[in-house]
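A.B. asks: Have a look at this prediction, sequence included:
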Amino acid sequence: GAVVSQHPSWVICKSGTSVKIECRSLDFQATTMFWYRQFPKQSLMLMATSNEGSKATYEQGVEKDKFLINHASLTLSTLTVTSAHPEDSSFYICSARSPGGLETQYFGPGTRLLVL
Amino acid sequence: RKEVEQDPGPFNVPEGATVAFNCTYSNSASQSFFWYRQDCRKEPKLLMSVYSSGNEDGRFTAQLNRASQYISLLIRDSKLSDSATYLCVVNTREYGNKLVFGAGTILRVKS
């Protein structure tokens, strides 16, 4: 199946710093990527939908100025957590929709963020 | 009310047992349904899609009841390696093909 990578897999940072997470589709072009967040023992929550060449669409309650998304190419989307705080500590997962597929999404391995 | 609801479990079963998970969804316009598996500290992986006629993949059988807005997953002859969290996932196209995840059901298979 299609492969999606994320980098880094682990981040530990001080409160107030910004953290950038990369999501790449390795063997296909993804016009749409999704960013999710998962807190312990909770479900994945969609944060935003990232569309190549246009602005991301954010879900209700997600601050677009805090979670900056850039989808500059068909294989790369980035999520930047600006001025991170301890409550931003979570598991961030991206996914990419397969080409020609309306529903199948392939998930990256996730990034664990710990803000001290 | 949550869009997708699952019994969190955990379900503790012996090897070889048959176990069933249920899931209900609230949006009657939902069109596609899936079961994903998530191992601890890992990303979710697609286990199987769920079709109206029901479908089977080896030891796994999925059923969909649109009238009751209910989805099930049956695992036969449980293996230790089946231990994971099983996520019920629904896709509603009217919301732009977004996947909505249940919180998951924990399965622990013990020898």
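C.D. replies: Thanks, I have it.

A.B. asks: which residues sit against the helix-or-strand element of chain A with minimal mean pLDDT?
C.D. replies: The weakest-scoring helix or strand in chain A, judged by mean pLDDT, DSSP states H and E, is strand A:105-107 (a mean of 88). Under the criterion Cβ atoms under 8 Å, 6 or more residues apart in numbering or on different chains, residues A:1-4, A:25, A:34, A:93-98, B:43-45, B:99 lie in contact with strand A:105-107. (C-beta placed from N, C-alpha, C; glycine too.)

A.B. asks: Just those residues: which are in strands?
C.D. replies: A:Val4, A:Ser25, A:Phe34, A:Ile93, A:Cys94, A:Ser95, A:Ala96, A:Arg97, B:Pro44, B:Lys45, B:Leu99 (DSSP state E).

A.B. asks: is it true that the second one touches A:Thr31?
C.D. replies: No - between A:Ser25 and A:Thr31 there is no contact, the gap being 9.9 Å when judged by Cβ atoms under 8 Å.

A.B. asks: Now list whatever residues contact both of these two.
C.D. replies: With Cβ under 8 Å, 6+ apart, A:Ser25 and A:Thr31 have common neighbours A:Leu74.

A.B. asks: so what's A:His71 up against?
C.D. replies: Going by Cβ under 8 Å, 6+ apart, A:His71 touches A:Met33, A:Ser50, A:Asn51, A:Glu52, A:Gly53, A:Ser54, A:Ala56, A:Ser77, A:Thr78.

A.B. asks: which one of those residues is nearest chain B?
C.D. replies: A:Asn51 (10.2 Å; Cβ to the nearest Cβ).

A.B. asks: Count residues in the vicinity of A:Ile93, would you?
C.D. replies: Applying other Cβ atoms under 10 Å in any protein chain shown, we find 25 residues neighbouring A:Ile93.

A.B. asks: The least confident helix or strand in chain B by mean pLDDT near chain A anywhere?
C.D. replies: Ranking every helix and strand in chain B by mean pLDDT, DSSP H and E puts strand B:98-101 at the bottom, with a mean of 88. Yes - using Cβ under 8 Å from any Cβ of the partner chain, strand B:98-101 reaches chain A at B:Lys98, B:Leu99, B:Val100, B:Phe101.
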